[in-house]
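> Sequence plus predicted model, see below.
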Amino acid sequence: MVLQDKARFHEFATSAGLPVPPGAVLRSQADIAKKLSALSLPLVVKPADKESVHRGKVRGIAVCRSAREAVIACERVLEIAGEVLVQEWVDGRNDEIYFCLFYRGRKGQLVSMFTGRKLASSPPGIGLTAFCVEAAETRLILEPMTEAFLETVDYAGMGSMEYKWDRTNRRFVIIEPTVGRTDWQEEIATLCGVNIPLEAYRHELELPPEPRLRSSTDKVVWRASIWERLKTERPTLPRNAVIYDGYWRLDDPMPGLIQYSWGAVTTAFRQLQKHIPR
């Protein structure tokens, strides 16, 4: 539960000396005046618990570039969610956000791990993964960091850790963990030959691991959906990149047909609503 809650995780990480952005947890109106002034702008404001975000009551993340903007954002989140994590913005490009996907099994065995990099997010820099790619060049840094963290908390199960390269301080900082479930961009690992759910399944049934196979030497890029081409700027892609859509596959077209036909219907309905007199 500590890893699930952004505020509790920040307090744990700070006390354990883990590399997280400077920040503060706000639990009352008095905390806003007392703690915000100690942080440097711009600030990132996040509800501690995602439930209010999933219910559509409050934004998931707000980037505030002025003190007044930060106060307003914190007051709103406090009123709705009851607890706020405020952190200093990490200086780095939008394509310098990395993640380690993993499964840790019985007796602390690290069964499977994969390191990737976001090429674009939606919204930029703070949102869900729009495009991502394997990041083998950072494995020797991020995977030992992730494994050490998992040993510290004795975590077992599916999860991931997100990092960002801090250009000012020349280090990787932890943005947040995801625990108890697979992550949004999990398929990039499978496309690159690391099928984490399958390896977890075989581990739990005490079956021998299957050899990891990669079907192509081209650089695999995963895209959340075709809509990302419209919502985000097209990222700089690696040479010989092959883009796989999150829904569409020629040999399995039904998920894509359902997703994109339903998306077209809802978009048309929203446009129609704008022209209907109230």
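Sure thing, it's come through.
> tell me, which strand in this protein spans the most residues?
The longest strand of the chain (DSSP state E) is strand 110-122.
> Contact partners for Leu150?
102, 104, 108, 110 (CB atoms under 8 Å, 6 or more residues apart in numbering). Yep, even glycine has a C-beta here, placed from its N, CA and C like the rest.
> what's the neighbour count on the first one?
Just to be clear, that refers to Phe102. 25 (other CB atoms under 10 Å).
> From Glu210, how far off is it?
18 Å (CB to CB, to the nearest Å).
> ok, now the last one?
Using CB to CB, we find Leu110 at a distance of 17 Å from Glu210.
> The second one too?
Counting by CB to CB, the gap between Arg104 and Glu210 amounts to 19 Å.
> any low-confidence regions in the stretch 101-250 of the chain?
214-217, 230 (pLDDT under 70).
> Mind jotting down where the helices sit in it?
139-153, 187-191, 196-204, 228-231 (DSSP state H, counting those that start in this stretch).
> And the pLDDT at the closest residue to Leu26 other than its chain neighbours?
Excluding the flanking residues, the one nearest Leu26 by CB to CB, 6 or more residues apart in numbering is Val84, at 4.3 Å. On pLDDT, Val84 comes in at 88.
> Next, the contact list for Val84, please.
With CB under 8 Å, 6+ apart, Val84 has these contacts: 7, 25-27, 45-48, 74, 77-78.
> Just the residues you listed: which are in strands?
25-26, 45-47.
> Now, of these, which are buried?
25-26, 45-47 (16 or more other CB atoms under 10 Å).
> Next one: the residue nearest to Pro255 when sequence neighbours are not counted from Ile258, what distance?
Closest residue in space to Pro255, ignoring its immediate chain neighbours: Tyr247 at 5.0 Å, by CB to CB, 6+ apart. Going from Tyr247 to Ile258 by CB to CB gives 8 Å.
> thinking again about what came up before, got CSV for the contacts of Val84, with distance to Met145 and pLDDT too?
CSV is the format used below for the contacts of Val84 (distance: CB to CB, whole Å; pLDDT from 0 to 100):
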residue, distance to Met145, pLDDT
Ala7, 22, 89
Val25, 23, 90
Leu26, 28, 90
Arg27, 29, 87
Val45, 26, 90
Lys46, 22, 88
Pro47, 26, 87
Ala48, 24, 79
Cys74, 30, 87
Val77, 29, 83
Leu78, 32, 82
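> want to try TSV for those residues, with distance to Glu186 as columns?
TSV is the format used below for the contacts of Val84 (distance: CB to CB, whole Å):
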residue	distance to Glu186
Ala7	26
Val25	29
Leu26	32
Arg27	33
Val45	27
Lys46	22
Pro47	24
Ala48	25
Cys74	32
Val77	28
Leu78	33
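> Please identify which of those is nearest to Arg234.
Lys46 (27.8 Å; CB to CB).
> show me the contacts for the nearest residue to that closest one once chain neighbours are set aside.
Using CB to CB, 6+ apart and skipping residues adjacent in sequence, the residue nearest Lys46 is Leu85, 4.7 Å away. The contact partners of Leu85, taken as CB under 8 Å, 6+ apart, are 6-7, 10, 23-26, 45-48.
> Against Glu11, how distant is Leu85?
Leu85 is 9 Å from Glu11, by CB to CB.
> Next, the distance between the ends of stretch 18-30.
27 Å (CA to CA, to the nearest Å).
> So what touches it?
Taking CB under 8 Å, 6+ apart as the rule, stretch 18-30 contacts 7, 10-11, 13-14, 31-32, 35-36, 38-40, 44, 48, 74-75, 78, 82-90, 149, 166, 171-175.
> residues of that stretch that come out buried?
Applying 16+ other CB under 10 Å to stretch 18-30 flags 18, 20-21, 23-26 as buried.
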